[in-house]
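Novice: sequence unavailable; structure follows:
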RNA sequence: GGGCCCGUAGCCUAGCUAGGAUAAGGCGGCAGCCUCCUAAGCUGCAGAUCGCGGGUUCGAAUCCCGCCGGGCCCGCCA
């Protein structure tokens, strides 16, 4: 069952009103502004047009309770069957509630940070947006492959490899150790010209696939990734595959890209291989192969997207806004050779109060440090509560990760963020722990009810008050909001939705005591509590946040 | 110099794709609520020329143009 979606479709079917003129509203369960548009053509007042339209509606189905006309708006309200079905569907379907069967398949490429150091707070904005999309796509019934594109052929990687060979890697967490040698060699390269010569030689040898070079790269990059994967695991972020870009140099896809461009007369052979971008509105050429024979990032990325075209029907990339130019060029080139470009979610930078982050300069807050400090802060909060040490650890971890994920997913990607420790370590309203707390609170009520022998649930429309009505309506919109994200690629709207449910439930909690003597009221409210518990838990799951039963 | 993005109360954010009914929340401030299902909660008060100026429209935070402020990009880097 897909509750609010069903109501929405019923309204559309009954009225013939287009999506453009239907929206959620504070004044109604669904409102239409269509009369305003028609009023102009018909030269009548919106109110009159709306009243005429009302006559023409052919209501069928069970969910539309009543329709009202007000100030030209047509307001639709769901009725008894809708609310009963919503609660019953949630209680029956439980973990499966909210699932859709949209079908299809998608590759979501996210994180893809250079293997030259640990993930920092900028990278995890990418990871969290990407992983949340992955989870929501899956819930929508779409087959997803989450991919990390490993940039093993770039200059930065070669620099890290060279640094590791020159100074040796220490015994700490490998991604952090690699950052140390990467920062050091970058600093040394400013003084010592020979480092750049060695770098070029190393890149040429790796591009050619010379065995010892391949071994060096593999070793260092695997270790960097090992550290990155550990951090991602802490954040509940999981990839299905790690795709090494060097693969596309070795498997002929890069050559195929050259041929495809050549066939369309786009490829120019000079000392380099390049494409003039004038026809696409760019001033400068795109170089695809250097004078020394090595390829560039965009070359391998074109090959990767050729591969995506052959292996999947839809592909989404999560990229920092610094990639906008090159990603747009990539898309133009793909279209020019008749390939589908990726759908791209760009996110703006996370900067520090003192300026932007840089791995090379060692100017960043690592995700690991952020996770640890957030954990410590959460631990303080729970320290004097009555839990075992193990439980305290587990709960504080869940709260810390939740806080991090929610802080990042909640903000629209196009919004620049300035990282703020005070905010990151805050566990009060409008945060994940608020939602987790609300979920734990629902669990607590249900536990108490069972202890007292009140296990039965029975939703009663006639007993439902206004707050309860608003709450259940929100619960009914779960799959509606999932579908929105699938279309808009904006997971922030889903975070906001789950937060709304928590707020409305707390409102209900304070107004309506649940465990009361009157059994009808009690069973009715328990049904609402249990349904809310299920929706919050399923929603937190999609946000990659653990739904705690006690905290 | 050119391109893209952001600019909503002291601070942070939602709403902008498909223009409409009182601009919605949080933090901070002030005043309150635990013999009652977890106070990581709740209630009330104060706080906004929706960056500025034009335009389109019956109607603009939302669309268009110009400007101001901030960020990112314009490498044979990624």
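Specialist: Everything's here; your move. Worth saying up front: this structure is predicted, and the values here are computed from it rather than measured.

Novice: and stretch A:512-530, what's buried?
Specialist: If you call a residue buried by 16 or more other Cβ atoms under 10 Å, then stretch A:512-530 has these buried ones: A:512, A:514, A:522, A:523, A:524, A:525, A:526, A:527, A:528, A:529, A:530. Where C-beta positions appear, they are placed from N, C-alpha and C, glycine not excepted.

Novice: stretch A:42-54 now?
Specialist: A:46, A:49, A:50, A:53.

Novice: roughly how far apart are the second one and residue A:498?
Specialist: From residue A:49 across to residue A:498, the span is 38 Å (Cβ to Cβ, to the nearest Å).

Novice: quick one, domains of chain A?
Specialist: A:3-78, A:110-351, A:377-542 (automatic domain parsing).

Novice: before we move on, the earlier item: of the buried residues of stretch A:512-530, which ones also sit close to RNA strand B?
Specialist: Counting by Cβ under 7 Å from any atom of the strand, A:512, A:514 from these sit close to RNA strand B.

Novice: show me the buried residues of stretch A:42-54 that map onto strands.
Specialist: Counting by DSSP state E, none of the members of the buried residues of stretch A:42-54 fall within strands.

Novice: just for the stretch 251-400 of chain A, where's the confidence low?
Specialist: Nowhere does the stretch 251-400 of chain A drop to pLDDT under 70.

Novice: return the distance of whichever strand or helix holds residue A:259 from the chain's centre.
Specialist: Assigned by DSSP states H and E, residue A:259 falls within helix A:253-263. Offset of helix A:253-263 from its chain centre (Cα atoms, centre = their mean, to the nearest Å): 33 Å.

Novice: just the buried residues of that helix, please?
Specialist: So, applying 16+ other Cβ under 10 Å, buried residues of helix A:253-263: A:253, A:254, A:256, A:257, A:258, A:260, A:261.

Novice: thinking again about what came up before, just the ones in helices from the buried residues of stretch A:512-530, please.
Specialist: The helices, defined by DSSP state H, take in A:522, A:523, A:524, A:525, A:526, A:527, A:528, A:529, A:530 from the buried residues of stretch A:512-530.

Novice: can you count the residues close to the residue found closest to the fifth one once you drop the neighbours it is linked to in the chain?
Specialist: It stands for residue A:526. In space, and not counting its chain neighbours, residue A:526 is closest to residue A:457: 5.0 Å by Cβ to Cβ, 6 or more residues apart in numbering. Residues near residue A:457, counting by other Cβ atoms under 10 Å, number 20.

Novice: up against RNA strand B, what does the stretch 151-300 of chain A have?
Specialist: Residues of the stretch 151-300 of chain A that fall close to RNA strand B, judged by Cβ under 7 Å from any atom of the strand: A:151, A:153-156, A:271-272, A:283-285, A:287, A:290-292, A:296-298.

Novice: hmm, 6 Å instead?
Specialist: Residues of the stretch 151-300 of chain A lying close to RNA strand B by Cβ under 6 Å from any atom of the strand are A:151, A:154, A:155, A:156, A:271, A:272, A:284, A:287, A:290, A:291, A:296, A:297.

Novice: what's the farthest-apart pair in these?
Specialist: Comparing every pair within those by Cβ to Cβ identifies A:151 and A:271 as the most remote, at 24.9 Å.

Novice: which one's more surrounded, these two?
Specialist: residue A:151 (21 against 10).

Novice: which SS state does the residue nearest to that one when sequence neighbours are not counted fall under?
Specialist: Distances taken as Cβ to Cβ, 6+ apart put residue A:114 closest to residue A:151, at 5.1 Å, once the chain neighbours are dropped. Assigned state for residue A:114: coil (three-state reduction, DSSP: H, G, I helix; E, B strand; the rest coil).

Novice: tell me if I'm right that residue A:114 and residue A:359 touch.
Specialist: Yes. Judged on Cβ atoms under 8 Å, residue A:114 makes contact with residue A:359 at a distance of 7.4 Å.

Novice: ok, now which ones touch the residue nearest to residue A:110 when sequence neighbours are not counted?
Specialist: Once flanking residues are discounted, residue A:110 sits nearest to residue A:130: 2.4 Å by Cβ to Cβ, 6+ apart. By Cβ atoms under 8 Å, 6 or more residues apart in numbering, the residues touching residue A:130 are A:108, A:109, A:110, A:111, A:146, A:237, A:318.

Novice: how does it look with 10 Å?
Specialist: By Cβ atoms under 10 Å, 6 or more residues apart in numbering, the contact list for residue A:130 reads A:108-112, A:146-148, A:237, A:239, A:316-319, A:345, A:347, A:491.

Novice: in the host helix or strand of it, what's buried?
Specialist: Using DSSP H and E, residue A:130 sits in helix A:121-139. For helix A:121-139, a neighbour-count test (16+ other Cβ under 10 Å) marks A:121-137, A:139 as buried.

Novice: and stretch A:223-236, by the same measure?
Specialist: Per 16+ other Cβ under 10 Å, stretch A:223-236 contains these buried residues: A:223, A:224, A:225, A:227, A:228, A:229, A:231, A:232, A:234, A:235, A:236.

Novice: of the residues you listed, which belong to helices?
Specialist: A:223, A:224, A:225, A:227, A:228, A:229, A:231, A:232, A:234.

Novice: what pLDDT does the fifth one get?
Specialist: Translated: residue A:228. Model confidence at residue A:228, given as pLDDT, is 98.

Novice: surely it meets residue A:151?
Specialist: No. The pair residue A:228 / residue A:151 is not scored as a contact, 11.8 Å apart, by Cβ atoms under 10 Å.

Novice: intersection of neighbour lists for these two?
Specialist: A:113, A:114, A:115.

Novice: can I get those residues in CSV with pLDDT?
Specialist: As requested, those are exported to CSV (pLDDT from 0 to 100):
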residue, pLDDT
A:113, 96
A:114, 96
A:115, 96
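
Novice: out of those residues, who's nearest RNA strand B?
Specialist: Among those, residue A:114 lies closest to RNA strand B (Cβ to the nearest atom of the strand), at 5.2 Å.

Novice: measure that closest one to residue A:422 for me?
Specialist: 30 Å.

Novice: in space, what's closest to residue A:512 - neighbours in sequence excluded?
Specialist: residue A:525 (6.0 Å).

Novice: residues in contact with that neighbour?
Specialist: Residue A:525 is in contact with A:445, A:449, A:457-460, A:463-465, A:468, A:508-509, A:512-516, A:518, counting by Cβ under 10 Å, 6+ apart.

Novice: adding distance to residue A:93, write the buried residues of stretch A:223-236 out as CSV.
Specialist: Shown next, in CSV, are the buried residues of stretch A:223-236 (distance: Cβ to Cβ, whole Å):
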residue, distance to residue A:93
A:223, 44
A:224, 43
A:225, 38
A:227, 40
A:228, 36
A:229, 34
A:231, 34
A:232, 30
A:234, 31
A:235, 28
A:236, 23
